[in-house]
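Q: model the following, please.
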Amino acid sequence: MKSCFYRFKKGAITSCSVLILSGIILLSGMYCNFVWAADVYVSLTGTKTSGKSTAGDWSNANSYNNLRAAMAAASGGDTITINDGTYTGVNNLIDSSHVPPSGTASVRTIIQARNIPCQNGVACSQPLLVNFDDQGSTSNGGGIWMGASGTSNYVTWKGINFKGSVMIWGPNHWYFKQCSVVGDADGNNAAITVANSTYDVFEDFVIMGKGRYHMLWYDENRSGFNFNGVCRRCIMRQDWKDDANNPSAGYVLYFGQNVKFINSMDIDGSPANWTNDSELYWGSFAQVVENGTINMSLNGSMAINTPGNVFGTRSNTSGFTITDFLGYKIGGGFLPAGNTAINRATLLNVGYNNFTYPGGITDYSSSSGLTGSYKDSQNYFAFLNSALNNFYGSSSSIYNSIIRTVQGSANIAGSFTQDYINTYAITGSDISPSHHITTDPYTQGLLYPVRIESGSTLATAGQAGGQVGANITQILGTDGAEYGTSNVETPQGSLWPWPYEGWVKAQFGAMSTTITGDTMPSPTRGFASPTAKRLDGVNPVTLTSYIWESLGNPIPTSLYSTAPAVSSPTVTLKSSSPL
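A: Purely as a prediction, here's the structure:
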């Protein structure tokens, strides 16, 4: 017997009756389940103490004044909507005893901001308007601390900023849409940790502030936990790291497995305030524990203007795939100690001396580890200035890729299976593809780092007449699609201009310059600068123009037909160059 679900607000009796009648007349044989969903409102000045809220009534008497009270009043599948403001104190924290009610796969519980930039007429050029600030209480986390597995499932979060060492511990099927995290904890902490939780999706998600790791997927039991997680259009900026003598990284998979990083990036890292130790730079994307088959993938992702290696793994691991990857102005390239398959990568300007750090450091030649020999399996710092270094002899491969301008002498080192490679201004005895292109890619079709120009040499120089170099032009995956679904990475249309990029710029720019006693680097650096202009000297820099114009070519006019876009893209990317 077929079934269908309808979600109504309470009190919609007339609409329900009409649909039931229609179902009898027009949908003979179909049984319909009607789910009653209710509203619960939260406001800083609320005085409500019991019951659900009346939809549309934002009076104090109809609103709770903290998240815990609202969650207690809500039922599974209800929507908790939070008014603008900064919410502090223990009554706005989640722990094992105070959790959102579980929804279902068909009707999720929703916790959302009342006003979200770029949504329903709210201006894009501002940060999120609902903030949960734990006031530095890392023992409780920045608004979320789940202590028991499976205590809250099928919950959607929209439009909320969390400040603190946020930990998502145990819930399943959580979906974060257009949210952000600001890490504020010293020592061995991550800005956000996902632990023993499955089928979570982070989408249009911003990560910044402090953290030894910035986004950590952590298997507490070290047993090969299946996260089945997705990070889609996540944007990270590594602002601070003060945990000495431990490796640091951006997106990290620890013991567990099955995580996809889709259209995600690490951008504008500032190491000027990081501890200089020999294990410092693990990578923008990293897997840090020896643990068999990992199933970690990077698809359409980027590391831009950041000092670490772009990717690193541990030995005795496998199951890493990297497709359509861009690394530009980076300290180091791919360090696959575990078996890794790389296809259509573009690495440009690799090495510490051709990188200008936003924090003011322009030369790391005197830092420990750069000139030292390999000490142990965690000393990735010594391999900066190398585009590819397979130091454990893993069965890794690279195809259809561009490597241009790398500092150092061993720019491809190790037994990589390789073919259809364009190298320029690099050296290395282990460069040996059968199809080797040595001309400057900037003259062969690489005008913008995220695509190869149609009709150019590189457009057909790869395997089976395909392109050489990254192709990062499409939004990958349907919004909300979870790991294992058929549409989790299916192209959905143009990625550029970047979705919600006006909000992304404002969110990064709004980070506090002082977090837990430390002075952060300028939050308005790089693409977040409010005064920087595009190459036309007129229009302000956006995330899109910052990336597209990085090679010195003005952005295609097809991307911004008039003023810079500030919300989701609506213009189809052209395949030909306007220059």
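
Q: now the helices for the protein?
A: 13-26, 67-73, 501-509, 543-548 (DSSP state H).

Q: which neighbouring elements make contact with the third one?
A: With contacts defined as 3 or more Cβ pairs under 8 Å, 6 or more residues apart in numbering; DSSP states H and E, the packing partners of helix 501-509 are strand 206-209, helix 543-548. (C-beta placed from N, C-alpha, C; glycine too.)

Q: most packed of those?
A: strand 206-209 (a mean of 26; mean count of other Cβ atoms under 10 Å).

Q: strands paired with that one, and their directions?
A: In the sheet, strand 206-209 lines up against strand 180-183 (parallel), strand 235-236 (parallel) (DSSP bridges).

Q: and those strands, which one is worst for confidence?
A: Per-stretch mean pLDDT for these is lowest at strand 180-183 (a mean of 93).

Q: now it - C-alpha only, PDB.
A: These are the backbone C-alpha positions of strand 180-183, laid out as PDB (Å, rounded to 0.1, in the frame of the first residue of the first chain):
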ATOM      1  CA  SER A 180      29.100  28.700  11.500                       C
ATOM      2  CA  VAL A 181      31.500  27.800  14.300                       C
ATOM      3  CA  VAL A 182      34.100  30.000  16.000                       C
ATOM      4  CA  GLY A 183      36.700  27.900  17.900                       C
END
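
Q: show me what counts as buried in it.
A: Within strand 180-183, the residues that count as buried by 16 or more other Cβ atoms under 10 Å are 180-183.

Q: next one: stretch 318-331
A: 318-320, 322-331.

Q: can you lay out the residues you listed as CSV showing distance to A425 and pLDDT?
A: Conversion of the buried residues of stretch 318-331 to CSV gives the following (distance: Cβ to Cβ, whole Å; pLDDT from 0 to 100):
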residue, distance to A425, pLDDT
S318, 32, 88
G319, 33, 91
F320, 27, 93
I322, 23, 97
T323, 25, 98
D324, 23, 98
F325, 20, 98
L326, 18, 98
G327, 15, 95
Y328, 15, 94
K329, 15, 89
I330, 15, 86
G331, 17, 79
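
Q: with distance to N161 added, can I get the residues you listed in CSV?
A: As requested, the buried residues of stretch 318-331 are exported to CSV (distance: Cβ to Cβ, whole Å):
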residue, distance to N161
S318, 37
G319, 34
F320, 32
I322, 31
T323, 31
D324, 30
F325, 29
L326, 27
G327, 29
Y328, 28
K329, 28
I330, 28
G331, 29
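
Q: restricted to strands, list these.
A: Among the buried residues of stretch 318-331, the members found in strands (DSSP state E) are 318-320, 322-331.

Q: contacts only, for A249.
A: Contacts for A249 (Cβ atoms under 8 Å, 6 or more residues apart in numbering) come out as 213-214, 281-286, 288, 308, 312.

Q: just to revisit the earlier point, in terms of mean pLDDT, which of the helices of the chain ranks lowest?
A: Mean pLDDT values for those show the minimum at helix 13-26, a mean of 34.

Q: wait, Q238 touches W282, no?
A: No - taking contacts as Cβ atoms under 8 Å, Q238 lies outside contact range of W282: 11.1 Å.

Q: so what sits against both of the two?
A: Joint contacts of Q238 and W282 (Cβ under 8 Å, 6+ apart) are 248, 308.

Q: grab the most central residue of the protein for me.
A: Centroid-nearest residue in the chain: C234, 1.8 Å away (criterion: Cα atoms, centre = their mean).

Q: look at that one and report its pLDDT.
A: 98.

Q: tabulate the helices and strands packed on helix 501-509 (JSON lines), appending distance to R108.
A: Shown next, in JSON lines, are those (distance: least, Cβ to Cβ, whole Å):
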{"stretch": "strand 206-209", "distance to R108": "22"}
{"stretch": "helix 543-548", "distance to R108": "29"}
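
Q: among these, which comes closest to A38?
A: With Cβ to Cβ as the measure, strand 206-209 is the member of the helices and strands packed on helix 501-509 nearest A38 (30.4 Å).

Q: worst-scoring helix or strand of this protein, pLDDT-wise?
A: helix 13-26 (a mean of 34; mean pLDDT, DSSP states H and E).
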